[in-house]
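# What follows is a predicted structure for the sequence shown.
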Amino acid sequence: MNTSSNSSLLKGSLSVMILRLLEDREKMYGYEITQKVKDLTAGEMTITEGALYPALHKLEADGLLTTETQIVDGRARKYYSLTKTGHTEAAGRIAELAAFLENLNLVLKLKPSL
Amino acid sequence: MLTPTQLTTISQYLKKSGIIYEEVHDELVDHFANAIEAQMANQASFDEALVDVGRQFGCRQGLTYIQSKQAQATNKQYNQSLIQYARQLIRWPNFPVTAILVWLIYTLVRLAPTMLTITYTILVISVVPFLIVVILLGKHLGQYMRHKRPVAWSLEGGTLFSRSFATLSISVYPSLLVYFGWITPKQTPLTAGEQTIFFVLSCLTLFLVYAQLNMLIRYAKSIDKPLTRLS
């Protein structure tokens, strides 16, 4: 699977992936999220920066994420974490995507009829 | 770890690519720095890494796309905050205070001798957040001039500027028309219909002023401590 072919598939599930990662960790910054996804999928899946930041900012504007800035190595680092609404919404969206994937799998694994 | 000069080079690259807002700039500088550090650990030179990371972002087009999306999100966040403040005001335990204030506005509007009295009062009240924004933007700009901030403009400050100006306009335009003599306001007491219109207008303006002042406190705090010190 390469980057260009899975980018359109990624689009819809990107915000759910962000929510899931933040459920696990208290707070994360943009670059850390891209690296975490890369690590988890052994480099098979890459989140493009051009999609990550708009997704993060949209989730923030929707009130699902909150941010705090810390100075690290002489630069301002913006950390994202889930809000209370974010936690509730995350559970719902993850369950929704999981159910969708399950159904998608049923269709994809369709055995050829004789 | 990158040197301050290298961080400045990243900052200049971003500015040349059309990044003009501090919130976008700071976040991208950190991302670029992280990605470049990772590449340099794999024996790449700083310059090569910078070009490569810039390419990953889609160069100028990709970077300004992120900026425009963030500007949209900031606007949305402003609207969401307004809704939140409105909810807070009508919920317990704030509801009795809100009700008393609304009743007070209603009484004052009924007592007002002419419509100009109300317009001028609204004008004076709604000019407060606008003046504070102007002072804060000036302070931000001053910090930029003294090299305490890498970028002159902020998305949050810009949004608050345009929104507080819009609130101010509710009373500025009618006042200007009267000032230039293009319309002559009635000097008689208000009719019931006019009272209703001015009552709604007063409530709306006061609410917007209240919300903007709250949001300004947050922006003022971010000005108080400049985050990055790039020369």
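Cool, the structure landed.
# is chain A contacted by the one helix or strand residue B:174 maps to?
Using DSSP states H and E, residue B:174 falls within helix B:155-179. No. Helix B:155-179 stays clear of chain A (CB under 8 Å from any CB of the partner chain), getting no nearer than 9.9 Å. Backbone N, C-alpha and C define where each C-beta goes, glycine included.
# who in chain A is up against chain B?
Residues of chain A lying near chain B (CB under 8 Å from any CB): A:29-31, A:48-50, A:53-54, A:57-58, A:60-63, A:69, A:71-78.
# Okay, now the unreliable bits of chain B?
B:225-231 (pLDDT under 70).
# State the distance from the spatially most central residue of it to residue B:54.
Centroid-nearest residue in chain B, with CA atoms, centre = their mean: residue B:160, separated by 2.1 Å. For residue B:160, the distance to residue B:54 equals 31 Å [CB to CB, to the nearest Å].
# residue ranges of the strands in chain A, please?
Assigned by DSSP state E, chain A shows strands spanning A:28-29, A:65-72, A:75-82.
# Could I get those strands in TSV, plus columns for mean neighbour count?
Formatted as TSV, these follow (neighbours: other CB atoms under 10 Å in any protein chain shown):
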stretch	mean neighbour count
strand A:28-29	19
strand A:65-72	15
strand A:75-82	21
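# now those strands in JSON lines, with mean pLDDT?
Below are the strands of chain A laid out as JSON lines (pLDDT from 0 to 100):
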{"stretch": "strand A:28-29", "mean pLDDT": "96"}
{"stretch": "strand A:65-72", "mean pLDDT": "91"}
{"stretch": "strand A:75-82", "mean pLDDT": "94"}
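# and residue B:182, which of those strands is closest to it?
Nearest to residue B:182 among these is strand A:65-72 (47.2 Å), distances taken as CB to CB.
# Can you name every helix or strand that that closest one contacts?
helix A:49-61, strand A:75-82 (3 or more CB pairs under 8 Å, 6 or more residues apart in numbering or on different chains; DSSP states H and E).
# Stretch B:74-87: which residues count as buried?
B:74, B:75, B:76, B:77, B:78, B:81, B:82, B:85 (16 or more other CB atoms under 10 Å in any protein chain shown).
# what does stretch B:16-33 give?
For stretch B:16-33, using 16+ other CB under 10 Å, the buried residues are B:17, B:19-33.
# just stretch A:96-103 next, same as before
residue A:97.
# Stretch B:47-64 now?
Under 16+ other CB under 10 Å, the buried positions of stretch B:47-64 are B:49, B:50, B:53, B:54, B:56, B:57, B:62, B:63, B:64.
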